[in-house]
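Asker: Using only what follows, build the 3D model:
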Amino acid sequence: MEPADIAIPILPSRSLENTLSFYRRLGFDGCTAGPGYAIVTRGSLEIHFFLHTEIQPVASFAGCYLRVADVDTLYFAFSEAKLPPHGIPRMDRVEDKPWGMREFAVIDDDGNLLRIGQLLKPDAA
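Answerer: Predicted coordinates for the structure are as follows:
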């Protein structure tokens, strides 16, 4: 059954072909959904992309937060892509944050920020 209410990010892409290739490295399935548009999915996660050839990755403000049930499993799966810890693209380490989330971040080839996390148990924050 599909959820009644859901928010899906729509992020810019300089090249939909390159974007799909990048997200496939992270284990997403992807497809183009029409001229200038693409969608990637991984389980219940879904991200949309629109073609924006003028985006400058180092100046991008685009991003989203993906809340998941098991951030550590997703972190280890994404680690298989061997993204560096600095530059663009990159992936940082998973860690507990003072705002009550356990999370990590990925910056894709276009400078889009994906912050991925789960709620910490109330006594762990």
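
Asker: lowest average confidence, helix or strand, in this structure?
Answerer: Confidence across the helices and strands of the chain bottoms out at strand 29-34, with a mean of 82, counting by mean pLDDT, DSSP states H and E.

Asker: got any ranges where the protein has weak pLDDT?
Answerer: Low-confidence regions of the chain, defined by pLDDT under 70, span residues 1-3, 122-125.

Asker: so where do the helices sit in it?
Answerer: Listed in chain order, the helices of the chain (DSSP state H) span 16-25, 71-79.

Asker: Compile those helices into JSON lines and extend it with columns for distance to V94.
Answerer: Where you see a C-beta, it was placed from the backbone N, CA and C, and this is true even at glycine. Listed next are the helices of the chain as JSON lines, based on distance: least, Cβ to Cβ, whole Å:
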{"stretch": "helix 16-25", "distance to V94": "18"}
{"stretch": "helix 71-79", "distance to V94": "4"}
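
Asker: Which parts of stretch 13-29 count as buried, going by neighbours?
Answerer: S13, R14, L16, T19, L20, F22, Y23, L26, F28 (16 or more other Cβ atoms under 10 Å).

Asker: Would you confirm that the fifth one contacts A38?
Answerer: Going back to what we said before, that points to L20. Yes. At 5.8 Å, L20 counts as touching A38 under the criterion of Cβ atoms under 8 Å.

Asker: So for the two, which residues contact both of them?
Answerer: Listed contacts common to L20 and A38 are G30, C31, T32; contacts here mean Cβ atoms under 8 Å, 6 or more residues apart in numbering.

Asker: any idea where the strands of the chain begin and end?
Answerer: Counting by DSSP state E, the chain has strands at residues 10-13, 29-34, 37-42, 45-51, 63-67, 90-91, 95-96, 101-107, 113-119.

Asker: Many thanks, have a good one.
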